[in-house]
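> Structure for the following, please:
(chains A and B)
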Amino acid sequence: MTLVLNEDQLMFRDAAKRFAAERAPISQLRELRDSHDPVGFKRDVWKEMAEMGWAGVLIPEEFGGFGFGFVGAGLIAEEIGRNLSATPFLSTAILGATALLKGGTSSHKETLLPQIASGEAIVALASDERTRHAPLSISATATSSAGKYTLNGRKLHVLDGHVADWLIVSARTSGDANARDGISLFLVNAKAPGVTITRMPIVDSRNAAYVELKDVSVSAEDLLGEVDKGATILEAVLDAGRAVLAAELLGVSSEAFERTLAYLREREQFGVKIGSFQALQHRAAHLFCEIELLRSVCLRALQALDAQEPSAARYVCLAKARASEVARIATNEAVQMHGGIGMTDEFDIGFFMKRARAAAETFGDAFYHTDRYAQMSGY
Amino acid sequence: MTAQPQTETPALEAFRREVRAWLEANCPPEMRQPVVDDSDVCWGGRNWKFKNEAQKVWLERMAERGWTVPEWPKEYGGGGLSKDEARILREEMAALNCRPPLTSFGISMLGPALLKYGSEAQKREHIPKIVRGEIRWCQGYSEPGAGSDLASLKTRAEDKGDHFLVNGSKIWTSYGDKADWIFCLVRTDFTAKKQEGISFLLFDMTTPGVSTRPIRLISGYSPFTQTFFDNVKVPKENLVGELNKGWTIAKYLLTHERNMIGGMGLGLRVGGTMTVGQLAVKNIGLANGRLAETALRTEIARFEMDAQAFALTMSRIQDEAKAGNETGAMSSMLKYYGTELNKRRAELMMSVSGTEGLKFSDTPSEGDLAPIWLRTRANSIEGGTSEIQLNIIAKNVLRLPSR
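Numbering: from 1, shown residues only, chains lettered A, B, ... in the order given. The predicted model follows:
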């Protein structure tokens, strides 16, 4: 395995680059925000993304997908990050598709995966309950009787929850509130009685929601994977999301950095270009190095997921930690180096800082993954 | 799309079998022990004292095949191997724990520059002696008044018809007192713009007028000398490349030096074979499954994550180079980041070792941390400071304006 892209991947990336810039640019996100759009993305654009192979990027061809794997998904995510494209790509094409591929019955796969790949179905992961990411800390309950489960609980930060057709819900079928064993995953119709979804507007103008489950009845066929053993699938779903988010943050960092470089080359103060000041040059040069390292770890993590390497989780952890931190620095430096204009809403650079913060908090930030990395290293 | 494990062609597989068999038959057991100190790896030269017979035999056998410099052309004594064959040789040597048969500035710095810029006669004269470890080279670059501003160097070489007359002094000459020959930057045009009056000369350190004085460092070691030239006569044929065009060669050679120093961020295990994390667990212990000192734990984890990210970046850049993509500008990044990492590693090893790490004497013994910690402080100074590397990145990679 080499850490370079092949011809197919380069062509795929170039197509994604053109498409995101033309059909889902930052101006579209701004317009959705300003008009308080009830959906939060353009449904027709998501259909076009599906035609480009984005919605089915992880889904094998036999289920109507494109089968381009995580490296392919990362290439899309990087362009989404560069353009801050409003899209249910992460919730549906990555988290939803991975949950069904890892835990779905053949009937789930045959019916739902083609609907995801075609852009018809929106799927959301409803798992986190704590405001700091703690994926195994699950108090929602699923009680079994007469071949059915009854779900109760409250979920937060459910990406695209308010427009989802289907929810992937984690709930406890046994065990204590923080135990790894005893978690089960369920496929729940978002319109089922007892499901209440409340949109939570967040700082990056993307979509998140609270989900309340009150005596929601689910058939035993809609259990994803084995009862009590859902943590393994949940971790795979989260790692898929983390790796793709890391790639998105690589795009966010790179774009914010390049826009800042352009500004440093043109803005004049004291009669010279501000990019000639060494105080700014050294910070920019250091940031360049950090972004180059991020590019390496993102690609390695995505390759490890594709190859199903045993050490994939460690690479993903490394990538999400670094991506969260580098994007934080890159976007903060971008605002600082733009000076006053960087603080205005009219100027786009602030959007990158907002997205960097929201994406960092999603599925574990640099602190969370640094702690996780240390634990994986035996200390 | 899943990544395929690397598969070799049948020819390369056969080469691998042949290499392994040859190494097994020819690498003495003593040369398959971990390298502990400087004298465990041969630096060559007229005055090298082999540590044992095995070190001598190992050098001779490898040099015979040109495998001290596997990728250099066969016509000058090199191994003539392709990149893939050289990689296989490295992998097989690593698998059998073979020590490098020879390390030297001739291999890592002068050789590549001479192969690119030297005359046919210079290559025939000097390259085979580097390959066989017969001549040990040192580098005459920095001067007391020319450190980061290297191009302002003042050592003069005057044209005296059949020879140059060299006067001046160099500083930070690594192993200047042990070297046989020097490659040296000298000023040959005293009126031109500073970069355009520099030439690249080679001469024997035993030439009358050359003297050295060791420099004792904060670490207690004296690996560097100040080197003095007092009316040193250097034959005209020892000029490499064109007169006054030495700066181009100097920069090319610096790229090799930076890659070598930057690479230290990777392999070097300051203070034995344990990682920082492992040593921390040994010295501090765990509480509830986590290192008992949590603030230190975070710093260690951040360091180890950055080190892994850096290692992956070294691999990626090598892969990019193999794929024919442009990577030239990356050497400053590797030098900057690799050396800063190496310094962080040494700081953390000191912290994790506590007061035991402070042990210090005139004759450091194996495993003493403090001298190594002090030595690593130079990493971000030698071969161009971190600040100079950031300047180069800002100018050449980011294309930021200069004043």
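> burial count for the spatially closest residue to residue B:378 that is not a sequence neighbour?
Nearest non-adjacent residue to residue B:378, counting by Cβ to Cβ, 6 or more residues apart in numbering or on different chains: residue B:217, 7.7 Å away. C-beta here means a position set from N, CA and C on the backbone, and glycine is covered the same way. Residues lying near residue B:217 (other Cβ atoms under 10 Å in any protein chain shown) number 15.
> who touches residue B:63 in this structure?
Each residue near residue B:63 by Cβ atoms under 8 Å, 6 or more residues apart in numbering or on different chains is listed here: B:77, B:101, B:102, B:131, B:132, B:133.
> what's the most distant pair in these?
B:77 and B:101 (13.6 Å; Cβ to Cβ).
> by contact count, what packs against the helix or strand harbouring residue B:314?
Using DSSP states H and E, residue B:314 sits in helix B:294-322. If you count contacts as 3 or more Cβ pairs under 8 Å, 6 or more residues apart in numbering or on different chains; DSSP states H and E, helix B:294-322 packs onto helix A:278-306, helix A:312-338, helix A:366-376, helix B:264-267, helix B:276-284, strand B:290-291, helix B:330-353.
> looking at the ones you listed, which is closest to residue B:299?
Using Cβ to Cβ, the nearest of the helices and strands packed on helix B:294-322 to residue B:299 is helix B:330-353, at 6.5 Å.
> The next helix or strand after that closest one to helix B:330-353, inter-axis angle?
Remark: after helix B:330-353, the chain's next helix or strand is helix B:369-376, criterion DSSP H and E. Per axes from the mean of the first three to the mean of the last three Cα atoms, to 10 degrees, the angle that helix B:369-376 makes with helix B:330-353 is 160 degrees.
> Convert helix B:369-376 to CSV, retaining C-alpha atoms only.
Extracted as CSV, the C-alpha positions of helix B:369-376 are listed here (Å, rounded to 0.1, in the frame of the first residue of the first chain):
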residue,chain,number,x,y,z
LEU,B,369,20.3,10.8,29.1
ALA,B,370,21.5,14.2,30.0
PRO,B,371,24.3,14.4,27.3
ILE,B,372,21.9,13.1,24.7
TRP,B,373,19.2,15.6,25.7
LEU,B,374,21.8,18.4,25.4
ARG,B,375,23.0,17.1,22.1
THR,B,376,19.5,17.2,20.6
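> Output the contacting helices and strands for it.
Judged by 3+ Cβ pairs under 8 Å, 6+ apart, helix B:369-376 is in contact with helix B:330-353.
> residue ranges of the helices in the chain, please?
Reading this off chain A. A:7-23, A:26-34, A:43-51, A:69-83, A:97-103, A:106-117, A:230-266, A:278-306, A:312-338, A:349-361, A:366-376 (DSSP state H).
> wrong chain, I was asking about chain B
B:10-26, B:53-65, B:83-95, B:105, B:111-117, B:120-131, B:246-262, B:264-267, B:276-284, B:294-322, B:330-353, B:369-376, B:386-392.
> who does the fourth one touch, helix- and strand-wise?
In this structure, helix B:105 packs against strand B:137-140, with contacts taken as 3+ Cβ pairs under 8 Å, 6+ apart.
> Pull out the buried residues from the strand it packs on.
Residues of strand B:137-140 classed as buried: B:137, B:138, B:139, B:140 (neighbour count, 16 or more other Cβ atoms under 10 Å in any protein chain shown).
> same check, this time on stretch B:285-303
Residues of stretch B:285-303 classed as buried by neighbour count (16+ other Cβ under 10 Å): B:291, B:293, B:296, B:297, B:299, B:300, B:301, B:302, B:303.
> What sits closest to the fifth one if chain neighbours are left out?
This points to residue B:299. residue B:348 (6.5 Å).
> Residue B:304 is in contact with that neighbour, correct?
No. Applying Cβ atoms under 8 Å as the test, residue B:348 and residue B:304 come out as separate, 9.2 Å apart.
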